[in-house]
Each structure stands twice: as structure tokens, then as C-alpha cells.
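J.: Please find the sequence and the predicted model below.
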Amino acid sequence: MRDGGPLWQRRLADAAATPAEAAVRIVERWLLGRLRHRIFYSLAEVNAAIGQLLHDLNDKRVLRRVGATRRQLFEELDRPALRPLPVERYVFAEWRIRRAGLDYHVEIERHYYSVPYRFAREQVEARITANTIEIFHKGERIAAHRRSSGNGKHTTIPDHMPSAHRRFADWTIERIQREASAMGPDVALLCERILADRPHPEQGFRACLGIIRLNKSFGRDRVNAACGRALEIGARTYGSVRSILDNHLDRTAASNGAAPHEPIHHANIRGPRYYH
């Protein structure tokens, strides 16, 4: 065991310490001084020795200035002021501000959690713990989910969903299909497959709207070409289309002169939903 360093370093540290820190250092040195010549062969032996010394320090040694032991002072002053421990253990949580998408899902750590559809486009607060996700709107909890891994998928509570094809905000499945078709056949086909792949079509709104809005930054022709490239490689996400555009891969899609390889679709071929 070490004694805490040279004397001048200890005095300098004591001068900068708070009263509580100084008291802890006094007890620490008192213990080290009495154990410095002993040899221990296990952590249990050390703990037993420290426990006996603390019993002597707190229950038997009388403080000269107050004429009482530390135990007596604790029973007289501290214990009456103590409150019972909380019934539930403290849980560390992070709070983050988010905005629900048109698909009434909130993105947290690359996973999407549903809120009641009437809160689409609303700003919300997310309380994130190791096991749960709670979502609040103006102080009221509107959703609670078990936390999932960041796999880019959706966790949807059925009661949060609108009825089939019900209009919320100003978007519907039909409008998305119409907007996609106006941009080009490959955009329309990719959006169609994104919506078909989801257990609930509304879960594909975010990806489809993101792809449609790429028109503002890259133009209709490039977005359509990028969707064609995505269809060739079997990618059906907004992120994939955006990556193709950012890396200018849409301009090399047909550079080798080979015909694009259309994914095979057949009733006997199992899709991704088979495994979930």
C-alpha cells in the first residue's frame, strides 16, 4: 500500500481539498498507517481488516472537540434527517428532441419507433434508457417501446396506425405513387417495392418521400437513374439511393453496356419478411 506520495504533495492536496475530501483523506491515511506492515493474500482479508478498523474508528474513538464518537454523532444528527431509499432503482436516461415523420415514426439510434399518427410532423422528446424508449409531447407520454438495435427497421404499435389508406397530413399511398411515377419508371418501381416490402405500407413513406425529394438536389433524370441502379443491386432504401447519387454511380450504371439484371420475383421465392 502506498502512503499517498511525498509529504509536500499531500499538504498541497489537503490545502486545495474541500472539507469532505479532507475528512476522507484523513481516514484513508489512518487506515494505511495501521495496515502498512501487514501482508494480505486476498481481497476478503483486506476488507475484513478495514472493517474492524472502521468499527474502532467510528464506535470507540471519541472526538476530542465534541466529546462523542462518530457513531453517536451519526445517530443524533444524521439518522433523523435520512429519508427512505426510492422504491425503484435509479435508471440513467438521455433526453433528445426529435420530430415525428410523415410516417408517424421517430428515428432514434437508426431505429424507428411509432407514435400515434395524429402526432405526425410534431416535435417530441424522447427519453432513452438501456432498455426502453419513451416519447413525450408537451410533457405527456404518448408512446413507450422496448429499445431495439439500430438496424434501420420499424417498431410499430398497431393502435398508433391510421386506418388503411387514411389521409394524414397531405400524403397518401396514392399520392406517393403518383409523385414517383412523374419522376420516372425506375423511381415508381422502387417506391412500389419499398411500400410492398413493409409490413405496413406507411412504414415506407419516409424512404419514398426522401427519394422523391432528391429531385430538388440532383434532378429528375439522375434520381431515376439512381433508382434503376438500386433496383439492379437489390437496394431498397433512401440511404442507398442517396449514396449512389453522392458517389456518381448513377452515371456509370450502364457504362459497361450490359443489360441491367432485374431481381427475380416469383411466388416460390422467399422475401425478407420470411425471416422476421
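T.: Arrived safely. Residues are numbered from 1 along each chain as shown.
J.: Where do the domain boundaries of the chain fall?
T.: When the chain is parsed with automatic domain parsing, its domains come out as 7-81, 94-160, 173-275.
J.: Include distance to residue 88, mean neighbour count and mean pLDDT when you put the ones you listed into JSON lines, please.
T.: C-beta: built from backbone N, CA, C; applies to glycine. Below are those laid out as JSON lines (distance: least, CB to CB, whole Å; neighbours: other CB atoms under 10 Å; pLDDT from 0 to 100):
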{"stretch": "domain 7-81", "distance to residue 88": "22", "mean neighbour count": "11", "mean pLDDT": "85"}
{"stretch": "domain 94-160", "distance to residue 88": "12", "mean neighbour count": "16", "mean pLDDT": "92"}
{"stretch": "domain 173-275", "distance to residue 88": "34", "mean neighbour count": "16", "mean pLDDT": "80"}
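J.: Show me the contact partners of the helix or strand harbouring residue 144.
T.: If you go by DSSP states H and E, residue 144 is part of strand 140-146. By CB atoms under 8 Å, 6 or more residues apart in numbering, the residues outside strand 140-146 that reach it are 113-116, 119, 124, 131-136, 155, 157, 160.
J.: again, but for stretch 96-114
T.: Taking CB under 8 Å, 6+ apart as the rule, stretch 96-114 contacts 115-117, 119-126, 128, 133, 135, 143, 145, 148-157, 160-162, 168-169, 171, 202-206, 209.
J.: Which of those residues fall within strands?
T.: Among those, the ones falling in strands (DSSP state E) are 123, 124, 125, 126, 128, 133, 135, 143, 145, 154, 155.
J.: Nearest to residue 60, out of the residues you listed: which one, please.
T.: residue 128 (49.1 Å; CB to CB).
J.: ok, now which ones touch the closest residue to that closest one other than its chain neighbours?
T.: Closest residue to residue 128 apart from its sequence neighbours, by CB to CB, 6 or more residues apart in numbering: residue 94 at 4.6 Å. Contacts for residue 94 (CB under 8 Å, 6+ apart) come out as 127, 128, 129.
J.: cool, and residue 221?
T.: Going by CB under 8 Å, 6+ apart, residue 221 touches residue 184.
J.: Residue 102 looks like it's in a strand, true?
T.: No. Under DSSP: H, G, I helix; E, B strand; the rest coil, residue 102 falls outside any strand and is assigned coil.
J.: Ramachandran angles for the residue nearest to residue 128?
T.: Per-residue torsions, residue 94: phi -110, psi 150 (degrees, to the nearest 10).
J.: and the gap between it and residue 141?
T.: The gap separating residue 94 from residue 141 is 16 Å, by CB to CB, to the nearest Å.
J.: same check, this time on residue 210
T.: Separation of residue 210 from residue 141 (CB to CB): 28 Å.
J.: Next: residue 249.
T.: Per CB to CB, residue 249 is found 44 Å from residue 141.
J.: circling back: which one of the domains of the chain lies nearest to residue 87?
T.: Smallest distance to residue 87 across those (CB to CB): 17.2 Å, for domain 94-160.
J.: so how far is that closest one from its chain's centroid?
T.: 11 Å (CA atoms, centre = their mean, to the nearest Å).
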